[in-house]
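Novice: fold the following for me, if possible:
(3 chains)
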Amino acid sequence: MNYWLMKSEPDEVSVDDALAAPESTVPWTGVRNYQARNFMRDGMRVGDGVLFYHSSCAEPGIVGIARVASTAYPDPTQFDRKSPYHDPASKREEPRWLLVDVQVLKKTRNLTLPELRADPELQDLVVLRKGNRLSITPVEPRHWKRILKLLDVRA
DNA sequence: GCCAACGTTGGC
DNA sequence: GCCAACGTTGGC
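Specialist: Numbering: from 1, shown residues only, chains lettered A, B, ... in the order given. Coordinates of the predicted model:
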């Protein structure tokens, strides 16, 4: 089992939005970065652990525990002309962008970015690296355990 | 709104 | 294949 951190802008899809969805599950639309896409396509398995992260907001941080709920499949928004995620260069026979479904298991308190940065055991968490902009990053098991502990969530 | 850092594009 | 210009991300 692998672990991941996935960023979402709460203005678009917050952890509350995801919890309110059927089965607490949302399709992770809008990833338009090849490295992040490849993580979904090649790295993710159903059941993998996910840290639900709010970005581009007043208090960025980890706000929930989730799981990967599907294998990767084509992101329909790439074919939707009205979507901000429309990609005219992507063809239906050969979709460029994929997504996975993500199921929220538990909303947590906001474990904020400053708190994450302050923790000595999380110094090399990928998402904390300088200049990191990837919306999906792998999380090492020791980091996963540490974060669950900080959130007082049992594995 | 600013801007550092990074990814993508396209001319050559 | 190089690299300058441009676009995007995301914290502040």
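Novice: report the separation between residue A:7 and residue A:82.
Specialist: 24 Å (CB to CB, to the nearest Å). C-beta coordinates here come from the backbone N, C-alpha and C atoms, glycine included.
Novice: who has more neighbours out of those two?
Specialist: Comparing residue A:7 with residue A:82 by other CB atoms under 10 Å, the one with more neighbours is residue A:7, at 19 against 6.
Novice: got a list of what that one touches?
Specialist: For residue A:7, the contact set (CB atoms under 8 Å, 6 or more residues apart in numbering) comprises A:53-55, A:127, A:135-136.
Novice: quick one: the closest residue to DNA strand B within chain A from residue A:17, how far?
Specialist: Using CB to the nearest atom of the strand, the closest approach of chain A to DNA strand B is made by residue A:131 at 2.0 Å. For residue A:131, the distance to residue A:17 equals 29 Å [CB to CB].
Novice: for chain A, list the residue farthest from the centre, please.
Specialist: residue A:93 (26.5 Å; CA atoms, centre = their mean).
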